[in-house]
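just a sequence and a predicted model for now, questions to come.
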Amino acid sequence: MRMKTLPNSTWTRRPEPDRDVLEAIASRAGTLPQIALDFEPEIATLWITLRPEPKPVFTLPLIESVGKVQDAIGAIWGTRPDRPILYVAYRAAGAIFSLGGDLDYYLDCLRSGDRAALRDYAERATRVIRSNRSGLDGAVITLTNVGGKAIGGGIDPARACNVMIAEEHATFCYPEINYNHFPISAVPVLSRHTGPIEAEKILLSGDEYSAHEFHRKGAVDAVVPSGAGDDWIRRYASETRSSHGARIALMSAFNRQAGDQYGPLTACAQSWADHIMSLTPGEVSKLQRITVAQERVLGRLLRKAEPAGACSILPV
């Protein structure tokens, strides 16, 4: 590990593994807009905090930044025995985890007839999902703390992680069906945990579920008190580090058994892009109205928690 010395001094700085790891990722990945990275060497955990702008949705810059970090970790350390990162944990800044995909971007692509840009968005998103599911090809255990409202396609990158927990006040909803729409990767991602029949009911209902309801359906691995999600992940990393290798092997085996690896995700991306491009003018107009509703609802959610119930807004 690199050591640094102060000028004109014989004092040698102690190694700072957190700084060294973050500098290595930054050097490899370059600029990383809309996310923040923190590293806790004591538990070998890299935190990725989602900070999308201007709305808490999965923007293309956010997706690109997460993908760059995933690629950097694999390129620098891979599965080396001495790799410093054994866990990658996601969380979101603010009271909302995610309102889903970037409708404004979709509408821009529709106005310009840019099918290729939509397909690129979907493929980048599914690559992030594939990496989360595979633990960066067997290098890490991926975790997510959902600490607020999660809607539609905003759920899937989180649920693709090996472990997804939810704080008690979190809610989950897939409202896309109400707008003749569907999230890119929800079928393979959600059914991996709930089973296909339950996943179909969830995706076709458009209902909103509390954290405990989603847990009972198998879609959440643990429900924790509000504000305690990050500490739960820290305990998990500390307590499972000695069995890290076996856990990765088991998770990989279950993923293979499920049979929903990168191939089906690629097909999902193609199907989603084709569907978006086939929307009628009336359906496109409805999406435009929803973007305005997003602004209003976002302001309300930031002021106070919204009670669970029917979820009729903000598809992805």
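Received it, and whenever you're ready, just let me know what you need.

every contact and neighbour count from this point should use C-alpha atoms.
OK.

low pLDDT regions in the chain?
Low-confidence segments of the chain (pLDDT under 70): 1-17, 259-264, 293, 297, 301-316.

now the helices for it?
17-29, 60-76, 103-112, 115-138, 156-159, 186-194, 196-205, 211-216, 229-240, 244-258, 262-277, 281-303 (DSSP state H).

tell me how many other residues crowd L190.
Around L190 there are 22 other residues, counting by other C-alpha atoms under 10 Å.

contacts only, for it.
D156, R159, P196, A199, A219 (C-alpha atoms under 8 Å, 6 or more residues apart in numbering).

and with 6 Å instead?
L190 is in contact with A199, counting by C-alpha atoms under 6 Å, 6 or more residues apart in numbering.

likewise for E239?
By C-alpha under 6 Å, 6+ apart, the contact set of E239 is empty.

ranking the helices of the chain by burial, who's on top?
The highest average neighbour count among the helices of the chain, using mean count of other C-alpha atoms under 10 Å, belongs to helix 156-159 at a mean of 25.

outside of that one, which residues touch it?
The contact list for helix 156-159, computed with C-alpha under 6 Å, 6+ apart, reads I129, T144, A186.

one step back: now the helices of the chain in JSON lines, with distance to C173?
Shown next, in JSON lines, are these (distance: least, C-alpha to C-alpha, whole Å):
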{"stretch": "helix 17-29", "distance to C173": "33"}
{"stretch": "helix 60-76", "distance to C173": "21"}
{"stretch": "helix 103-112", "distance to C173": "16"}
{"stretch": "helix 115-138", "distance to C173": "19"}
{"stretch": "helix 156-159", "distance to C173": "11"}
{"stretch": "helix 186-194", "distance to C173": "11"}
{"stretch": "helix 196-205", "distance to C173": "8"}
{"stretch": "helix 211-216", "distance to C173": "10"}
{"stretch": "helix 229-240", "distance to C173": "20"}
{"stretch": "helix 244-258", "distance to C173": "24"}
{"stretch": "helix 262-277", "distance to C173": "19"}
{"stretch": "helix 281-303", "distance to C173": "15"}
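
closest to A44 out of those helices?
Closest of these to A44 is helix 229-240, at 7.7 Å (criterion: C-alpha to C-alpha).

and that closest one with helix 244-258, angle?
Orientation check (axes from the mean of the first three to the mean of the last three C-alpha atoms, to 10 degrees): helix 229-240 against helix 244-258 gives 110 degrees.

then helix 229-240 to CSV, C-alphas only?
Extracted C-alpha coordinates of helix 229-240, given in CSV (Å, rounded to 0.1, in the frame of the first residue of the first chain):
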residue,chain,number,x,y,z
GLY,A,229,-30.8,0.2,7.7
ASP,A,230,-27.1,1.2,7.3
ASP,A,231,-26.2,-0.3,10.7
TRP,A,232,-28.0,-3.5,9.8
ILE,A,233,-25.8,-3.8,6.7
ARG,A,234,-22.7,-3.1,8.8
ARG,A,235,-23.6,-5.9,11.2
TYR,A,236,-24.3,-8.2,8.3
ALA,A,237,-20.9,-7.5,6.7
SER,A,238,-19.1,-7.9,10.0
GLU,A,239,-20.9,-11.2,10.9
THR,A,240,-20.7,-12.8,7.5
